[in-house]
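Novice: Sequence and predicted structure below; questions after.
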Amino acid sequence: MLNTMHVTQTPGRKLVYSNIGINLAGRVIEKIAGVAYDKYVQDNLLKPIGIDPNTMKMGGSTLAERAPNQVVYYNPYPGYDQPYDFPVPRMDAHSGWLPTPITMARLLPFTDCFTCKK
């Protein structure tokens, strides 16, 4: 299928978010760094900007692995009424993180690069 799809935008000209693309980037980070994606992010992105890695972790794949006050994940498709019938940790790069509200407030200024070290 991918070999029949054509590029519709000039690369680098327009931001188009893609869960698959973000998740693929997470797998590339793991392959190149040789460590799990979440460990790499915690050690190389969060710690250097002063965020305690214990305040931002991955969600679990089962109800038993659910963190305190974490939402229960239900599959949104009809007929799938059981919680956790999809692997939350493998969605790590695009939606698996469980930050605290304070951690998000500390992280957000670093996402626009106005505060990034140049």
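Specialist: Yes, it's here. Numbers count the residues shown, from 1 in each chain.
Novice: all contacts plus neighbour counts: C-alpha atoms, from now on.
Specialist: Will do.
Novice: Which helix or strand lies directly C-terminal to the lowest-mean-pLDDT helix or strand in the chain?
Specialist: Ranked by mean pLDDT, DSSP states H and E, the helix or strand of the chain with the weakest confidence is strand 56-58, at a mean of 85. Along the chain past strand 56-58, the next helix or strand (assigned with DSSP states H and E) turns out to be strand 97-99.
Novice: in that following strand, what counts as buried?
Specialist: 97, 98, 99 (16 or more other CA atoms under 10 Å).
Novice: List the pairing partners of that strand within its sheet, with orientation.
Specialist: Strand 97-99 pairs in its sheet with strand 56-58 (antiparallel), by DSSP bridges.
Novice: Enumerate every residue touching the residue positioned nearest the centre of the chain.
Specialist: For the chain, residue 93 is the residue whose C-alpha lies nearest the centre (CA atoms, centre = their mean; 2.6 Å). With contacts defined as CA atoms under 8 Å, 6 or more residues apart in numbering, residue 93 is in contact with 22, 23, 25, 26, 37.
Novice: Got the confidence number for it?
Specialist: Looking at residue 93, its pLDDT is 84.
Novice: do residue 67 as well
Specialist: We note a pLDDT of 81 for residue 67 in this prediction.
Novice: How about the one 10 residues further on?
Specialist: The score at residue 77 is 72. That number is its pLDDT.
Novice: before we move on, what about residue 114?
Specialist: Per-residue confidence (pLDDT) for residue 114: 55.
Novice: swap in the one 3 residues further on?
Specialist: If you check residue 117, the pLDDT there is 55.
Novice: residue ranges with poor pLDDT in the protein?
Specialist: Within the chain, the stretches falling below the threshold (pLDDT under 70) are 1-2, 75, 80-89, 113-118.
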